[in-house]
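**Student:** no FASTA, just this:
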């Protein structure tokens, strides 16, 4: 091969690299990451400070959220006592009317099947994260699935819905599930930038995907019933939109109801690029504490356990 030919190959490769770099920066720019990612896209790491490893803290934050989701679904299917064997003896507060050994009385076999499937997944998430963290695992915090749901129902409906109990019937159960699932997806997405260990990142991505499957299934069931009367003269679609608006207000305006402005179904809430919304840990806490800036309350009366709380 001649020297001129070799030089041409090198030049072509350099040009292609430059084009790929510009394309990557264009894509990152659309995501709002262009400036922050400039050093990475340019292949320069000399000036980049090593990220502080807070993987354990992030996983414990996720574990706290999984405790909550597992408690909700396991209570619905009569298996909450299985969760009580993990993470210590902190109380799980449930409505007095719920039979904790039998769970709620489902009328729709499809809703019951979904509840059982998600309960199994959420319990598995708790066991996985608790096992991965070992002795560093955060103990299970006090979880309120009684008063917190009543407060959330009142807040979302402007006081119209009083005494909301997600275990009262199938439709209320789906509304309760809707409160949690989208928050879980956005929490894992937001935490992705905080994790440094590739193995942990992959595991978190896998859990995020499962949470997104759950959320999509719940949204699909609610969308099919969006014009059904729910409570206090409100339709399902109105109640779900109110929940979404409340989450968006305290959680960074990263939310969507069952339909967009054109009335089209929203089964996978996402930004203009079709990318799932990320939430910071503070935004997630605002939602689960039912108050912006709070250090405890809502579904966690005494707050989360761990360093991120």
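**Tutor:** Noted; the coordinates are in hand. Keep in mind the model is a prediction, meaning the values are calculated, not measured.
**Student:** any weak-confidence spans in the chain?
**Tutor:** Low-confidence segments of the chain (pLDDT under 70): 1-51.
**Student:** List the buried residues for whichever helix or strand residue 124 is part of?
**Tutor:** Using DSSP states H and E, residue 124 sits in helix 109-133. Applying a neighbour-count criterion of 16 or more other CB atoms under 10 Å, one finds 111-112, 114-116, 118-119, 121-123, 125-126, 128-130, 132-133 buried in helix 109-133. C-beta coordinates here come from the backbone N, C-alpha and C atoms, glycine included.
**Student:** ditto for stretch 240-252
**Tutor:** 240, 241, 242, 243, 244, 246, 247, 248, 250, 251, 252.
**Student:** Repeat that for stretch 282-296.
**Tutor:** Residues of stretch 282-296 classed as buried: 283, 284, 285, 286, 287, 288, 289, 290, 291 (neighbour count, 16+ other CB under 10 Å).
**Student:** ok, now stretch 141-161?
**Tutor:** So, applying 16+ other CB under 10 Å, buried residues of stretch 141-161: 141, 143-146, 148-153, 155-157, 161.
**Student:** Which residues does stretch 230-249 contact?
**Tutor:** Outside stretch 230-249, the residues that touch it by CB atoms under 8 Å, 6 or more residues apart in numbering are 152, 155-158, 160-162, 164, 171-172, 175, 178-179, 182-183, 222, 225-229, 254-259, 287.
**Student:** Provide a PyMOL selection command restricted to the buried entries of the residues you listed.
**Tutor:** Applying 16+ other CB under 10 Å to those leaves a buried subset, and the PyMOL line that selects it is:
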select buried, resi 152+155+156+157+161+164+171+172+175+178+179+182+183+222+225+226+254+255+256+257+258+287
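**Student:** so residue 81 makes contact with residue 100?
**Tutor:** Yes. With contacts counted by CB atoms under 8 Å, residue 81 reaches residue 100, the gap being 6.9 Å.
**Student:** Of these two, give the one with the bigger neighbour count.
**Tutor:** residue 100 (15 against 12; other CB atoms under 10 Å).
**Student:** which ones are touching that one?
**Tutor:** Listed by CB under 8 Å, 6+ apart, the contact partners of residue 100 are 75, 78, 80, 81, 94.
**Student:** what sits against the fourth one?
**Tutor:** Meaning residue 81. Residues counted as contacts of residue 81 (CB under 8 Å, 6+ apart) are 100, 101.
**Student:** Secondary structure element for it, which one?
**Tutor:** Going by DSSP H and E, residue 81 is in helix 80-83.
**Student:** Report the next helix or strand after that helix in sequence order.
**Tutor:** Following helix 80-83 in sequence order, the next helix or strand is strand 92-93 (DSSP H and E).
**Student:** Strand partners (parallel or antiparallel) of that following strand?
**Tutor:** Partners of strand 92-93 in the sheet, by DSSP bridges, are strand 143-144 (parallel).
**Student:** just checking, what packs against the following helix or strand past the strand it pairs with?
**Tutor:** Moving toward the C-terminus from strand 143-144, the next helix or strand (DSSP H and E) is helix 147-157. If contacts are counted by 3 or more CB pairs under 8 Å, 6 or more residues apart in numbering; DSSP states H and E, helix 147-157 sits against helix 236-250.
**Student:** After the helix it packs on, which helix or strand is next?
**Tutor:** Sequence order places helix 281-288 as the next helix or strand after helix 236-250, per DSSP H and E.
**Student:** just how off-centre is that next one within its chain?
**Tutor:** Centroid separation between helix 281-288 and its chain, computed with CA atoms, centre = their mean, to the nearest Å, is 10 Å.
**Student:** Ok, stretch 120-133 next?
**Tutor:** How far stretch 120-133 lies from its chain's middle: 15 Å, per CA atoms, centre = their mean.
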